[in-house]
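the sequence isn't on hand, but the structure is:
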């Protein structure tokens with residue numbers, strides 16, 4: 001019981017959004033449907049719950065934070081069921097299609113996307129946050145709205161790189177976390193292992209600069225999948241205790257109610273924004289002070305270098321909350337509550353909504369800087385315009401600007417010739433944006449990711465990430481060799497507790513070295529390895545990377561790819577295409593077996609002879625092609641290449657399509 005013993009020593013201006021394609025919101029339903037909610041719906045939802053919205057002492061604002069795949073969203077499902085909510089499906093909080101497909105949480109759910117539940121005369125606003133570091137901007141926006149956090153840690157894996165990332169954000173804002181050791185029902189998890197994880201988490205708290213009050217955290221044990229939590233270690237609690245009551249009681253007891261004054265003027269910092277055809281801008285945030293009612297006159301304020309600036313004066317048209325899984329309209333909301341409001345057209349994320357007499361804006365949220373950028377442009381390939389409906393630079397620019405307006409972690413900088421530089425936290429975050437755009441009917445060309453460097457005191461600095469890897473012992477040599485080419489440095493190495501034959505590596509590696517490595521890692525470990533990464537700091541440039549990719553096979557003809565041609569090209573390398581697909585000059589059709597690029601003709605057909613007709617072909621047997629996903633393509637392309645993204649196809653191509661121009665450019669580069 002080292003953990004409790006150790007802790008005892010410490011205790012005591014608005015652009016119209018491109019929206020012709022996006023009537024359903026990114027949360028999986030259209031906000032326009034809000035107008036269909038009647039007063040009867042609101043009164044029914046409110047009938048079974050105490051009217052605590054104007055009493056700050058009955059409120060508890062809590063965020064659920066964790067590493068990826070440690071069970072946050074499943075836990076939220078069980079809490080909703082415990083409080084009587086009707087869950088339409090598993091992982092109810094993941095309502096974006098991409099979230100369900102990939103099994104990760106992308107957007108923080110805040111009111112009306114917060115789960116507001118009632119427990120013993122208290123109203124709990126529970127916020128589900130992403131665990132992936134690429135979506136850290138979503139975490140930073142909401143931790144300032146809550147007073148407490150439930151830190152979910154896998155009892156088998158223990159705290160990992162992104163556990164540290166999300167915990168540091170929570171501690172920075174002064175939250176008092178509750179530690180929940182999840183998945184304790186697994187056979188490999190013992191009480192000794194839970195004590196060991198508890199000690200590791202305590203050390204992590206101390207390393208992150210936690211105060212004595214934050215270090216005195218309660219510990220609970222749970223199986224979110226089975227739907228129970230316990231204040232004492234157990235693998236099989238009694239039938240009458242197989243519920244989440246202990247966790248909900250701990251939240252009410254441990255998390256402080258918001259410190260708020262209902263008598264002061266109304267103030268609210270906008271933490272999230274959504275757009276709707278019917279209601280306009282839906283602004284979400286926590287009420288800092290005062291009371292707001294439907295029909296009140298309010299001002300939109302923003303911080304400037306010289307102070308605060310008034311950007312709009314308007315009337316509150318609608319106030320909303322999400323109670324259980326039902327969105328309801330409310331007449332008023334008090335300090336400490338998390339609400340949504342409609343009626344203003346100018347304020348955005350980071351701006352302040354306040355009473356008419358208030359002239360000073362609230363401080364805005366500080367975000368970590370972006371580390372990777374990609375250039376989005378018009379698709380100018382010979383096959384452009386065949387699949388998509390949104391093709392022009394203006395449409396692409398409007399969509400990107402609308403994304404930047406609702407997601408502070410993304411910066412969009414207009415470039416030359418209808419191109420836009422998009423800056424973000426990682427290739428996964430930008431890959432999600434590209435995937436959403438292609439599903440909305442966009443065609444675009446995307447450059448490979450480019451790391452954003454810094455220069456301080458004449459020294460070049462680059463972003464460094466902390467990487468945690470868990471692999472079988474036989475794959476250690478292969479993985480370490482690959483990472484050595486990517487300028488990684490090993491910090492720690494040892495066996496995985498409770499998993500014989502497994503090794504855990506802790507490394508630091510430049511962000512540019514990790515671009516595209518996840519697919520290579522999955523192949524090298526035969527799908528048995530786990531890799532987690534999180535931004536660490538900016539450090540001195542570590543030098544050029546080693547040889548991390550071979551050359552490519554490039555088409556030098558336009559037409560339909562034939563099996564006869566591919567049969568003779570298979571020996572040259574690994575093919576990315578199959579017979580019957582269209583090809584054009586400069587399109588990449590495979591990976592060369594050597595370090596150099598090779599131009600070839602994949603559309604050559606078998607000619608007519610005096611023995612057999614041109615249509616008659618021998619039984620051609622080709623190896624299955626390597627089909628590139630968007631995530632793989634982003635990590636694969638080189639600096640002189642582009643990704644052609646359409647709603648139906650993802651193609652790789654050279655930036656310069658003409659083979660003669662490419663050769664002359666390469667000669668000039670050598671000279």
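That came through, no problem. Computed from a predicted model, the values in this text were never measured in an experiment.

beta partners for residue 505?
residue 469, residue 493 (DSSP bridges).

which regions of the stretch 451-600 of the chain lie under the pLDDT threshold?
Along the stretch 451-600 of the chain, segments meeting pLDDT under 70 span 498.

can you map out the helices along it?
476-485, 511-514, 517-524, 563-569 (DSSP state H, counting those that start in this stretch).

got JSON lines for the ones you listed, with distance to residue 499 too?
Placement of C-beta: from N, CA and C, glycine included. Shown next, in JSON lines, are the helices of the stretch 451-600 of the chain (distance: least, CB to CB, whole Å):
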{"stretch": "helix 476-485", "distance to residue 499": "14"}
{"stretch": "helix 511-514", "distance to residue 499": "24"}
{"stretch": "helix 517-524", "distance to residue 499": "18"}
{"stretch": "helix 563-569", "distance to residue 499": "43"}
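
I'd like these as JSON lines, with mean neighbour count appended.
JSON lines is the format used below for the helices of the stretch 451-600 of the chain (neighbours: other CB atoms under 10 Å):
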{"stretch": "helix 476-485", "mean neighbour count": "16"}
{"stretch": "helix 511-514", "mean neighbour count": "23"}
{"stretch": "helix 517-524", "mean neighbour count": "17"}
{"stretch": "helix 563-569", "mean neighbour count": "18"}
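
indicate which one of those is closest to residue 192.
helix 476-485 (26.0 Å; CB to CB).

between helix 517-524 and that closest one, find me the angle.
With axes from the mean of the first three to the mean of the last three CA atoms, to 10 degrees defining the directions, helix 476-485 sits at 160 degrees from helix 517-524.

which other residues reach helix 476-485?
469, 471, 490, 503, 505, 507, 509, 513, 517, 520-521, 524-525, 529, 545-548 (CB atoms under 8 Å, 6 or more residues apart in numbering).

ok so, going back, of all the helices of the stretch 451-600 of the chain, which one is nearest residue 82?
helix 517-524 (36.2 Å).

so which elements touch that closest one?
Helix 517-524 sits against helix 476-485, helix 630-636, with contacts defined as 3 or more CB pairs under 8 Å, 6 or more residues apart in numbering; DSSP states H and E.

with distance to residue 251 as extra columns, can I get those in CSV?
Shown next, in CSV, are the helices and strands packed on helix 517-524 (distance: least, CB to CB, whole Å):
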stretch, distance to residue 251
helix 476-485, 41
helix 630-636, 37
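
out of those helices, which gets nearest to residue 273?
helix 630-636 (26.6 Å).

show me what secondary structure element comes after that closest one.
Counting by DSSP states H and E, the next helix or strand C-terminal to helix 630-636 is strand 641-645.

in stretch 499-511, which residues are buried?
For stretch 499-511, burial by neighbour count (16 or more other CB atoms under 10 Å) applies to 502, 503, 504, 505, 507, 508, 509, 510, 511.

all helices of the stretch 101-250 of the chain, in order?
Under DSSP H, counting those that start in this stretch, the stretch 101-250 of the chain gives helices at 136-143, 161-172, 191-207, 212-215, 245-254.

turn the ones you listed into a markdown table, including mean neighbour count, distance to residue 559 and mean pLDDT.
Shown next, in a markdown table, are the helices of the stretch 101-250 of the chain (neighbours: other CB atoms under 10 Å; distance: least, CB to CB, whole Å; pLDDT from 0 to 100):
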| stretch | mean neighbour count | distance to residue 559 | mean pLDDT |
| --- | --- | --- | --- |
| helix 136-143 | 24 | 45 | 63 |
| helix 161-172 | 23 | 47 | 77 |
| helix 191-207 | 18 | 59 | 88 |
| helix 212-215 | 15 | 66 | 87 |
| helix 245-254 | 18 | 63 | 89 |
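
of those, which is nearest residue 586?
The nearest among those, by CB to CB, is helix 136-143 at 35.9 Å.

circling back to that earlier point, tell me the one among the buried residues of stretch 499-511 nearest to residue 207.
residue 508 (15.4 Å).

ok, the closest one to residue 514 distance?
Distance, residue 508 to residue 514, using CB to CB, to the nearest Å: 11 Å.

overlap in contacts of the two?
465, 467.

coming back round to it: now render the buried residues of stretch 499-511 as JSON lines, adding distance to residue 402.
Below are the buried residues of stretch 499-511 laid out as JSON lines (distance: CB to CB, whole Å):
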{"residue": "502", "distance to residue 402": "45"}
{"residue": "503", "distance to residue 402": "45"}
{"residue": "504", "distance to residue 402": "42"}
{"residue": "505", "distance to residue 402": "41"}
{"residue": "507", "distance to residue 402": "38"}
{"residue": "508", "distance to residue 402": "36"}
{"residue": "509", "distance to residue 402": "34"}
{"residue": "510", "distance to residue 402": "32"}
{"residue": "511", "distance to residue 402": "27"}
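
list the buried residues in stretch 386-400.
387, 388, 390, 391, 393, 395, 396, 397, 398, 399, 400.

let me have those in TSV, extended by secondary structure.
TSV is the format used below for the buried residues of stretch 386-400 (DSSP: H, G, I helix; E, B strand; the rest coil):
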residue	secondary structure
387	coil
388	coil
390	strand
391	coil
393	helix
395	helix
396	helix
397	helix
398	helix
399	helix
400	helix
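
in JSON lines: those residues, plus pLDDT and distance to residue 211.
Shown next, in JSON lines, are the buried residues of stretch 386-400 (pLDDT from 0 to 100; distance: CB to CB, whole Å):
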{"residue": "387", "pLDDT": "85", "distance to residue 211": "55"}
{"residue": "388", "pLDDT": "85", "distance to residue 211": "53"}
{"residue": "390", "pLDDT": "88", "distance to residue 211": "50"}
{"residue": "391", "pLDDT": "88", "distance to residue 211": "55"}
{"residue": "393", "pLDDT": "88", "distance to residue 211": "51"}
{"residue": "395", "pLDDT": "91", "distance to residue 211": "50"}
{"residue": "396", "pLDDT": "92", "distance to residue 211": "47"}
{"residue": "397", "pLDDT": "91", "distance to residue 211": "46"}
{"residue": "398", "pLDDT": "91", "distance to residue 211": "46"}
{"residue": "399", "pLDDT": "91", "distance to residue 211": "43"}
{"residue": "400", "pLDDT": "92", "distance to residue 211": "41"}
